[in-house]
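**Q** any chance you could fold what I've pasted below:
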Amino acid sequence: MNFTYQGYRELLRRLGRRGYVFASFPAAPGLLRRGQRFVLLRHDVDFDLESALRMAELDADSGVAATYFFLVRTDHYNVFSAEGSATVSRILDLGHHLGLHFDCAAYPPSWDVPALAAACAREVRLLADWFARPVSIVSYHRPTDRVLSGDPALSAPLPHTYMAMFVREMRYLSDSRGEWRFGAPMDAAALTQGRPLHILVHPVWWDDHPLPPREALARFLDRRARTLEASVARNCSVYEVR
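**A** You can find the predicted model right below:
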């Protein structure tokens, strides 16, 4: 399947037709115990709030509530700016869940697990307080081997998306780097078996038309440059947008 919005809508439709319920991460333990057919739909927002909002609208139009994970420490966007806050609030107002996307690389490599867990907790409080919404789950940006080990202590007291429950007790599928690294969802044997699914979708890779990953990133950079230029012009009269 190509990474188009039409293909994404079809993916959601086909999951629904196969009896999958779209669930939140906190609901997963109970659903697993009951043996229910469900999917955890996760969006890690690495680069672009604009594309995240577009995907959030597609989810909502399909009657789906997903979990959107936002970075607090990144050079790519600012969830605390006026525009960034408005975009995130719009995504949450569509009925989606709020998660923290935590980047270990934003902290010294010498930090141990307790120090990283404390930093993660601070970022959780910042995000939850600013948007007045609960944050109940953490995902990791560019996960290291330490993260992929599934150690719950990394994000304690909250769970994180690489714990065994979410990647071993259910089928994990990801579009990282603009390709389905563990197989496309509709081709997964777990789908025909009705097993629980954990699907990670990065909004930046998706568009109205199929795009190679490098071109998708180039389009993001172009949008980001125009946004930054307009902001400079609004804040300094000596500069005019050409």
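
**Q** just the pLDDT for the residue nearest to His141 when sequence neighbours are not counted.
**A** Among residues not flanking His141 along the chain, Asp103 sits closest, at 4.1 Å (C-beta to C-beta, 6 or more residues apart in numbering). From N, CA and C alone the C-beta is placed, and that goes for glycine too. Asp103 carries a pLDDT value of 97.

**Q** is Asp103 in contact with Leu71, as I believe?
**A** Yes: with contacts counted by C-beta atoms under 8 Å, Asp103 reaches Leu71, the gap being 6.1 Å.

**Q** of those two, which one has the most company?
**A** Between Asp103 and Leu71, Leu71 has the larger neighbour count (other C-beta atoms under 10 Å), namely 23 against 15.

**Q** partner residues bridging the more buried one?
**A** Note on Leu71: beta-bridge partners by DSSP bridges are His101.

**Q** gap between it and Pro185?
**A** Distance from Leu71 to Pro185, counting by C-beta to C-beta, to the nearest Å: 25 Å.

**Q** got it, and Glu50?
**A** Remark: distance between Glu50 and Pro185 (C-beta to C-beta) = 24 Å.

**Q** ok, the two, which is more surrounded?
**A** Taking neighbours as other C-beta under 10 Å, Glu50 and Pro185 compare with Pro185 leading, 20 against 16.

**Q** low-confidence stretches in the protein?
**A** Along the chain, segments meeting pLDDT under 70 span 1.

**Q** which residue ranges form the strands in it?
**A** Ranges of strands within the chain are 21-23, 38-45, 67-71, 97-102, 135-140, 171-174, 197-201, based on DSSP state E.

**Q** what's the angle from the fifth one to strand 67-71?
**A** Between the axis of strand 135-140 and that of strand 67-71 there is an angle of 60 degrees, by axes from the mean of the first three to the mean of the last three C-alpha atoms, to 10 degrees.

**Q** again with the last one
**A** With the same axes, to 10 degrees as the basis, strand 197-201 and strand 67-71 are set at 40 degrees to each other.

**Q** what does the longest one give?
**A** Relative orientation of strand 38-45 with respect to strand 67-71: 20 degrees, computed using the same axes, to 10 degrees.

**Q** which residues touch strand 38-45?
**A** Applying C-beta atoms under 8 Å, 6 or more residues apart in numbering, the contact partners of strand 38-45 are 15, 20-25, 27-28, 31, 52, 55-56, 59, 64, 66-71, 77, 99, 101, 139, 141, 161, 166, 170, 196-203.

**Q** sheet partners, orientation included, of it?
**A** In the sheet, strand 38-45 lines up against strand 21-23 (parallel), strand 67-71 (parallel), strand 197-201 (parallel) (DSSP bridges).

**Q** out of those strands, the one nearest Ala230 is which?
**A** Judged by C-beta to C-beta, the one of the strands paired with strand 38-45 that comes nearest to Ala230 is strand 67-71, at 22.2 Å.

**Q** ok, back up a step: got CSV for the strands of the chain, with distance to Leu126 too?
**A** Output for the strands of the chain, formatted as CSV (distance: least, C-beta to C-beta, whole Å):
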stretch, distance to Leu126
strand 21-23, 26
strand 38-45, 16
strand 67-71, 11
strand 97-102, 9
strand 135-140, 9
strand 171-174, 26
strand 197-201, 23
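
**Q** now a ChimeraX select for only the buried ones of the contacts of strand 38-45.
**A** Applied in ChimeraX, the following selects the buried portion of the contacts of strand 38-45 according to 16 or more other C-beta atoms under 10 Å:
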select :15,20,22,23,24,25,28,31,52,55,56,59,64,66,67,68,69,70,71,77,99,101,139,141,161,166,170,196,197,198,199,200,201,202,203
